[in-house]
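A.B. asks: structure for this input, please:
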Amino acid sequence: MRTRFWFRPLVAMILSVALPSAARALPSVMSDATVFLPSDNAEARLGMKDTIFAPVAEIVAHKSAVISQSVGSARVSFQVSVQDGAVFMVFANQRGNDFPVDGAGTYIIKRSLKDGSFLQAKIFVQNGPGSYVRLFPQGDRTMMDLFLLGRPFQSQIALPLPLDRLLIEPLATIMALSDYSVNWGMMLAPIQSDGDRRIGQILMSVRARLRGLRDMDDGAMDAAGKMVFIATGAPAGKGGFNCSGFAKWFVDGFYAPLEGQDTDIAVLKSRNAGLAHSWSARYEEELDPWFGLDWSRGLARAVEKARTGSAPTDAEIDVRDSDRVPYVTDTGYPVPDIEQVLYVLARKNPGTIYIGSVNAASALAPADGLPTLRQHHHVILLFPFFDAQGGFQVAVMERNVETSLSSLNKRYAKEYVHLERLGSDGAFALPSID
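C.D. replies: Here you go, the predicted structure:
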């Protein structure tokens, strides 16, 4: 279990005597009602102080135990393991009927079997294996590195207390000592917002309709709700959707309630003259390399214009402002980095859906001195949101099925995806299919 404020009185008392005077204030994030603070097991660690600092031979022989704390409801599991020349002491908080090692608030203390020295401590700050801090001894100070979703977030943060002292302090002590250096608001899991809940409801609607969809190359639904071929507009009978048609069908769930009809295929597939270059213009008819990007932007633009009466520019609907991964013009972000990009976007703009245009370098070799032509060949939908426990989720929809980020990474590990914003506010009703 995680809570926001239950251990604040204990933390305030400990901080008042444990920290240097300059750092006695509670960390600012503790007054932020939009984030979860991990349940703290400082009481359990303090009660096991003699074991933590005992000779390693005694630690190795120590039996597992479950410790009940007087503050809060979380019990703590203590376990010892030995591997790679080190002994690990694990303090894991109870969650449900289990004590997950990668649960929020878990402390893992590592000591050398050879000389008993403290090598590091690892503290999970969200549920799941990817978000944690590592503490390393450095004389009378401690150095801290932070990881978010398995990627480096901040590093070499100096804390003015030795590691052995921090091992029995609350996490709030570490937060207070680094409050001006670390973006704890981004590191900690957020409380689920209305936007997150709205995306969850939209996903339920889409999932309920997936089984009734048919797959067809070049297939989409026209503005009148008839199945057609995208290239020619010719009727396609019962038809079906390719990736572009599926994304259109979803986006029409926002567009049609506003306009009384679905989006216009002719408008969506019109080419953006601004994307053509003198060196690439000759490939426009042969390869149509920008189709996926034009289509994705067209969908996002159509909904925004229907909502506001004004057509946004590319810059207004593109995601170009990620502060963690560099944006490449008209190309976007590497597929393996997209989870990190979406995490930050979901924190800043909850309730936003993203239309993605997957693109890769064309098989055509560029002429000397000219850029590589990129082919926007696949359109996807991305739904980032936080669940009721603060866990980060990304639902992926593409060509009539739900897949995953893992699947995208396996198929497009060396490719990029360009993102367009699609707000989830307002009425949503997926078009019916005959």
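A.B. asks: wait, doesn't K49 sit right on I168?
C.D. replies: Yes - counting by C-beta atoms under 8 Å, K49 touches I168, with 5.6 Å between them. For glycine as for every other residue, the C-beta is placed from the backbone atoms N, C-alpha and C.
A.B. asks: between the two, which has more neighbouring residues?
C.D. replies: I168 (21 against 11; other C-beta atoms under 10 Å).
A.B. asks: check the more buried one and give its pLDDT.
C.D. replies: Predicted confidence (pLDDT) for I168: 96.
A.B. asks: now P336
C.D. replies: 97.
A.B. asks: helix or strand for the closest residue in space to it that isn't next to it in sequence, which one?
C.D. replies: Nearest-residue entry for P336: N409, 5.6 Å, with adjacent residues in sequence omitted and distances by C-beta to C-beta, 6 or more residues apart in numbering. Following DSSP states H and E, one finds N409 within helix 405-411.
A.B. asks: helices or strands up against that helix?
C.D. replies: Using 3 or more C-beta pairs under 8 Å, 6 or more residues apart in numbering; DSSP states H and E, the elements in contact with helix 405-411 are helix 338-348, strand 392-398.
A.B. asks: can you tell me how far S322 is from G332?
C.D. replies: 10 Å (C-beta to C-beta, to the nearest Å).
A.B. asks: before we move on, what about Q83?
C.D. replies: 41 Å.
A.B. asks: more crowded one of those two?
C.D. replies: More crowded of Q83 and G332, by other C-beta under 10 Å: G332, with 29 against 9.
A.B. asks: shouldn't the residue nearest to P336 be in contact with V335?
C.D. replies: Yes - using C-beta under 8 Å as the test, N409 is close enough to V335 to be in contact (6.1 Å).
A.B. asks: who has more neighbours, the two?
C.D. replies: Neighbours were counted for N409 and for V335 using other C-beta under 10 Å; V335 has more, 22 against 16.
A.B. asks: nearest spatial neighbour of that one, skipping sequence neighbours?
C.D. replies: Using C-beta to C-beta, 6+ apart, the closest residue to V335 is Y412 (4.5 Å).
A.B. asks: hmm, N359 and that neighbour touching each other?
C.D. replies: No - taking contacts as C-beta under 8 Å, Y412 lies outside contact range of N359: 9.2 Å.
A.B. asks: ok, the two, which is more surrounded?
C.D. replies: N359 (25 against 20).
A.B. asks: check contacts around the most centrally placed residue in the chain.
C.D. replies: Compute the mean C-alpha point of the chain, and by C-alpha atoms, centre = their mean the closest residue is Y343, 2.9 Å away. By C-beta atoms under 8 Å, 6 or more residues apart in numbering, the residues touching Y343 are L148, L149, P384, F392.
A.B. asks: what subset of those is buried?
C.D. replies: By neighbour count, with 16 or more other C-beta atoms under 10 Å, those hold L148, L149, P384, F392 as buried.
A.B. asks: farthest pair within these?
C.D. replies: Farthest apart among these by C-beta to C-beta are L148 and P384. That separation is 14.2 Å.
A.B. asks: what residues sit buried inside stretch 197-204?
C.D. replies: Those would be R197, R198, I199, G200, I202, L203, for stretch 197-204 by 16+ other C-beta under 10 Å.
A.B. asks: so the chain: which segments form each domain?
C.D. replies: Per the record, the chain has its domains at 8-187, 194-423, by automatic domain parsing.
A.B. asks: now distance to D434 too, for these, in TSV please.
C.D. replies: Converted to TSV, the domains of the chain look like this (distance: least, C-beta to C-beta, whole Å):
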stretch	distance to D434
domain 8-187	43
domain 194-423	7
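A.B. asks: quick one: closest of those domains to L430.
C.D. replies: For these, proximity to L430 was assessed by C-beta to C-beta; domain 194-423 is nearest, at 4.4 Å.
A.B. asks: next, the distance between the ends of that closest one.
C.D. replies: 13 Å (C-alpha to C-alpha, to the nearest Å).
A.B. asks: ok, stretch 235-242 next?
C.D. replies: End-to-end span of stretch 235-242 (C-alpha to C-alpha): 15 Å.
A.B. asks: pull out the buried residues from that stretch.
C.D. replies: In stretch 235-242, the ones that count as buried by 16+ other C-beta under 10 Å are A236, G239, G240, F241, N242.
A.B. asks: of those, closest to A92?
C.D. replies: Using C-beta to C-beta, the buried residues of stretch 235-242 come closest to A92 at F241, 45.9 Å.
A.B. asks: tell me how many other residues surround the nearest residue to that closest one once chain neighbours are set aside.
C.D. replies: Distances taken as C-beta to C-beta, 6+ apart put G219 closest to F241, at 5.1 Å, once the chain neighbours are dropped. By other C-beta under 10 Å, the residues close to G219 number 22.
A.B. asks: next: V35.
C.D. replies: That count, for V35 with other C-beta under 10 Å as the rule, works out to 20.
A.B. asks: how near is the closest residue to it other than its chain neighbours to A65?
C.D. replies: Once flanking residues are discounted, V35 sits nearest to L188: 4.3 Å by C-beta to C-beta, 6+ apart. Remark: distance between L188 and A65 (C-beta to C-beta) = 28 Å.
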